[in-house]
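Colleague: From the sequence below, what's the structure:
(one chain, ligands or ions: 1)
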Amino acid sequence: MTNSKQHGRGNKRSKNQNDILWPRQVALSILDSFWKGEKFLDAIFESHDDFLDLDTRNRNFVRMLVTTAIRRSGQIDDLMRRGFSKPNQKMSPPIVQMIFHLAIAQIVFMGVADHAAVNTSVDLATRNGAERAKGFINAVLRKVVRDGKAWTTEQDIARLNIPEWLLDIWTEDYSKAEAIEMAQASLSEAALDISVVDPIDRESWAESLDCVILPTGTLRRNEHALVPDLPGFDDGAWWVQDASAALPVRLMGDLLGKRVVDLCAAPGGKTMQMAAAGAEVYAVDRSAKRLERLKDNVQRVRLQANVISEVSDGELWDAPEPLDAVLLDAPCTATGTIRRNPDAIWLKKSEDIASMVKIQRALLERSVGMLKVGGMLLYCTCSLQKDEGERQLNAFLADHDEFEIMPITPQEVPELEHAITPEGYLRILPFYWAARGGLDGFFIGRMIKKA
Ligand SMILES: C[S@@+](CC[C@H](N)C(=O)[O-])C[C@H]1O[C@@H](n2cnc3c(N)ncnc32)[C@H](O)[C@@H]1O
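Modeller: Next up, the predicted model:
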């Protein structure tokens with residue numbers, strides 16, 4: 001993996017936060033590490049000293065730049081090649097391609113001034129051992145400045161930016177038209193969605209936070225902001241949670257005094273919702289590190305009295321008593337959240353779906369014995385593939401006649417009635433509520449354990 005040392009880290013002069021080159025140098029190092037390695041982008045951000053040393057404004061810029069370069073990578077690569085004078089132009093050294101990607105992300109997708117994007121890219125070439133490619137970079141970028149936006153109108157955006165194997169599965173599971181809509185919606189920026197601890201305060205927080213209230217009760221802020229700087233964050237009045245991710249717990253009914261387990265709980269969005277609704281929650285997750293984040297989150301919103309957290313594999317966890325409900329927000333391929341994590345689809349392979357399906361089924365099987373008769377099993381994933389949703393639960397129910405579906409009703413999901421499947425599950429696609437800023441893709445199935 002390339003680290004920042006190879007890219008001139010330690011050069012104090014160029015680390016000046018006001019220097020427009022330095023943040024781009026940091027972005028180059030991060031983008032190069034991402035495409036060379038096997039690491040999720042967040043893990044790279046969290047361990048990259050030069051990124052962490054940036055001031056907030058530059059950190060936000062670098063995050064946005066790298067994320068855009070990955071989200072639009074297929075389109076950007078195509079635009080770069082359209083700027084070449086020969087179709088199979090060699091790029092040497094390989095860092096030149098990364099310089100192009102960052103430059104085109106700025107010019108075509110971020111509205112950065114053309115001269116700033118072009119000049120800093122040429123300077124990056126000098127800094128990173130690609131001095132001989134300066135003329136070539138300059139010439140290609142001039143063409144992109146002139147024609148890049150027009151070229152995008154000729155591009156097949158879905159095919160270029162989503163791996164082929166995934167688009168093929170979506171086409172099979174839905175239709176070609178829906179798969180394309182899903183791909184296009186996955187390329188947009190997600191809004192900032194907020195759940196408030198006490199629903200009575202929803203309207204006043206919507207006003208203070210400059211949010212609209214969505215039909216399902218989530219607050220949505222379309223302007224980006226630094227979350228910890230927003231009013232009410234330090235006081236623990238709310239937490240960040242996508243509107244789709246807030247639905248599973250809303251569909252669990254009255255939770256006051258109920259004993260429930262959140263079997264894959266971290267970082268705790270749904271645990272907080274259940275605790276805020278008055279449930280006593282066992283929050284189980286197999287990742288100790290992620291469970292620490294859950295504990296911090298629960299503490300910030302002052303709900304720790306209702307939560308017992310435990311590091312454990314959900315496949316092995318023993319419920320201390322028969323429970324009223326199990327929430328299984330199962331690990332999945334997370335293809336419904338590409339808007340937030342565009343890196344993940346490039347690290348996954350089609351084979352990952354089968355291994356996720358196996359883990360999800362094992363967790364479902366384990367949940368059976370945790371429930372009281374009459375108890376609720378709520379299964380959800382943020383994957384768009386039906387293997388991890390509809391087909392997973394249909395197979396589980398075929399083998400478990402002690403469970404029945406408790407169909408989701410239109411009254412429970414205002415303005416998402418069309419997301420209810422014939423079986424009574426909820427299947428949210430990322431292009432729903434497009435005019436309001438979209439939703440994460442989600443699948444929810446609600447079942448009851450019979451006598
Ligand atoms: C989709 S995330 C959960 C999000 C969480 N429910 C929320 O709303 O904030 C899935 C979680 O499952 C955990 N996980 C994966 N496999 C697990 C297992 N076998 N047992 C328990 N937790 C597991 C991961 O560590 C991850 O934190």
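Colleague: List the single closest residue to residue 258 in space, sequence neighbours excluded.
Modeller: Of all residues not flanking residue 258 in the chain, residue 324 sits nearest, at 4.1 Å (Cβ to Cβ, 6 or more residues apart in numbering). For the C-beta atoms, the positions are set from N, CA and C on the backbone; glycine is no exception.
Colleague: can you give me the helices in the stretch 201-350 of the chain?
Modeller: For the stretch 201-350 of the chain, helices defined by DSSP state H, counting those that start in this stretch occupy the ranges 202-208, 247-250, 269-276, 288-300, 344-347.
Colleague: tell me the pLDDT at the closest residue to residue 48 other than its chain neighbours?
Modeller: Nearest residue to residue 48, sequence neighbours excluded (Cβ to Cβ, 6+ apart): residue 30, at 6.0 Å. We note a pLDDT of 97 for residue 30 in this prediction.
Colleague: isn't there a strand covering residue 30?
Modeller: No: assignment of residue 30 by DSSP: H, G, I helix; E, B strand; the rest coil gives helix, placing it outside any strand.
Colleague: quick one, what contacts it?
Modeller: With contact taken as Cβ atoms under 8 Å, 6 or more residues apart in numbering, residue 30 is in contact with 41, 44, 45, 48, 51, 62, 66.
Colleague: could you dump the lowest-mean-pLDDT helix or strand in the chain to CSV, C-alpha only?
Modeller: In the chain, the helix or strand scored least confidently by mean pLDDT, DSSP states H and E is helix 344-347, which has a mean of 92. Provided in CSV are the C-alpha atoms of helix 344-347 (Å, rounded to 0.1, in the frame of the first residue of the first chain):
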residue,chain,number,x,y,z
ALA,A,344,-17.7,-0.9,-0.6
ILE,A,345,-18.9,-2.2,-3.9
TRP,A,346,-15.4,-2.1,-5.3
LEU,A,347,-14.1,-4.3,-2.5
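Colleague: buried residues in the helix or strand just after it?
Modeller: Moving toward the C-terminus from helix 344-347, the next helix or strand (DSSP states H and E) is helix 351-368. By 16 or more other Cβ atoms under 10 Å, the buried positions in helix 351-368 come out as 353, 356, 357, 359, 360, 363, 364, 366, 367.
Colleague: what does stretch 297-312 give?
Modeller: Applying a neighbour-count criterion of 16+ other Cβ under 10 Å, one finds 297, 298, 300, 301, 303, 306, 307, 309 buried in stretch 297-312.
Colleague: pretty sure residue 321 is touching residue 259, no?
Modeller: Yes: here residue 321 lies in contact with residue 259, judged by Cβ atoms under 8 Å, at a distance of 6.7 Å.
Colleague: Which of the two has more residues huddled nearby?
Modeller: Each of residue 321 and residue 259 has its neighbours counted (other Cβ atoms under 10 Å); residue 259 has more, 18 against 9.
Colleague: who does that one bridge with?
Modeller: residue 280 (DSSP bridges).
Colleague: And it, how far from residue 323?
Modeller: As judged by Cβ to Cβ, to the nearest Å, residue 259 and residue 323 stand 5 Å apart.
Colleague: excluding its backbone neighbours, what's nearest residue 405?
Modeller: Of all residues beyond its chain neighbours, the one nearest residue 405 is residue 424 (5.0 Å), with distances taken as Cβ to Cβ, 6+ apart.
Colleague: Find the residue closest to residue 417 in space, skipping its chain neighbours.
Modeller: That would be residue 410: by Cβ to Cβ, 6+ apart, it lies 4.0 Å from residue 417.
Colleague: Now do the one you found against the ligand, distance only.
Modeller: For residue 410, the distance to the ligand equals 25 Å [Cβ to the nearest ligand atom, to the nearest Å].
Colleague: Which residues of the stretch 101-250 of the chain lie near the ligand?
Modeller: Contact residues, the stretch 101-250 of the chain versus the ligand (Cβ under 6 Å from any ligand atom): residue 245.
Colleague: again, only this time at 8 Å
Modeller: Taking Cβ under 8 Å from any ligand atom as the contact definition, the stretch 101-250 of the chain meets the ligand at 241, 245.
Colleague: Isn't residue 415 up against residue 215?
Modeller: Yes: the pair residue 415 and residue 215 qualifies as a contact (Cβ under 8 Å) at a distance of 4.3 Å.
Colleague: that older thread, which among the contacts of residue 30 are in contact with the ligand?
Modeller: Counting by Cβ under 8 Å from any ligand atom, no member of the contacts of residue 30 reaches the ligand.
Colleague: Dump those to JSON lines, plus distance to residue 74, neighbour count and secondary structure.
Modeller: Shown next, in JSON lines, are the contacts of residue 30 (distance: Cβ to Cβ, whole Å; neighbours: other Cβ atoms under 10 Å; DSSP: H, G, I helix; E, B strand; the rest coil):
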{"residue": "41", "distance to residue 74": "17", "neighbour count": "21", "secondary structure": "helix"}
{"residue": "44", "distance to residue 74": "20", "neighbour count": "19", "secondary structure": "helix"}
{"residue": "45", "distance to residue 74": "22", "neighbour count": "17", "secondary structure": "helix"}
{"residue": "48", "distance to residue 74": "25", "neighbour count": "19", "secondary structure": "coil"}
{"residue": "51", "distance to residue 74": "25", "neighbour count": "21", "secondary structure": "helix"}
{"residue": "62", "distance to residue 74": "22", "neighbour count": "26", "secondary structure": "helix"}
{"residue": "66", "distance to residue 74": "16", "neighbour count": "27", "secondary structure": "helix"}
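Colleague: Neighbours of residue 172, how many?
Modeller: As a burial measure, residue 172 scores 12 neighbours (other Cβ under 10 Å).
Colleague: relative to helix 351-368, how tilted is the helix or strand hosting it?
Modeller: Element membership for residue 172, per DSSP H and E: helix 164-173. Going by axes from the mean of the first three to the mean of the last three Cα atoms, to 10 degrees, helix 164-173 is angled at 60 degrees with respect to helix 351-368.
Colleague: Which elements pack onto the helix or strand hosting residue 70?
Modeller: Following DSSP H and E, one finds residue 70 within helix 56-71. Packing partners of helix 56-71 (3 or more Cβ pairs under 8 Å, 6 or more residues apart in numbering; DSSP states H and E): helix 21-36, helix 41-47, helix 49-53, helix 95-104.
Colleague: Just the mean pLDDT for that helix, thanks.
Modeller: Computed over helix 56-71, the average pLDDT equals 94.
Colleague: what do residue 259 and residue 323 both touch?
Modeller: The contact sets of residue 259 and residue 323 overlap at residue 282 (Cβ under 8 Å, 6+ apart).
Colleague: ok so, going back, could I get the buried residue list for the least confident helix or strand of the chain?
Modeller: Neighbour-count burial for helix 344-347 flags 344, 345 (criterion: 16+ other Cβ under 10 Å).
Colleague: And stretch 253-270, by the same measure?
Modeller: Of all the residues in stretch 253-270, those buried under the rule 16+ other Cβ under 10 Å are 255, 258-270.
Colleague: and the residue nearest to residue 297 when sequence neighbours are not counted, how far is that from residue 321?
Modeller: Excluding its sequence neighbours, the residue lying closest to residue 297 (Cβ to Cβ, 6+ apart) is residue 268, at 4.5 Å. To residue 321, residue 268 is 22 Å away according to Cβ to Cβ.
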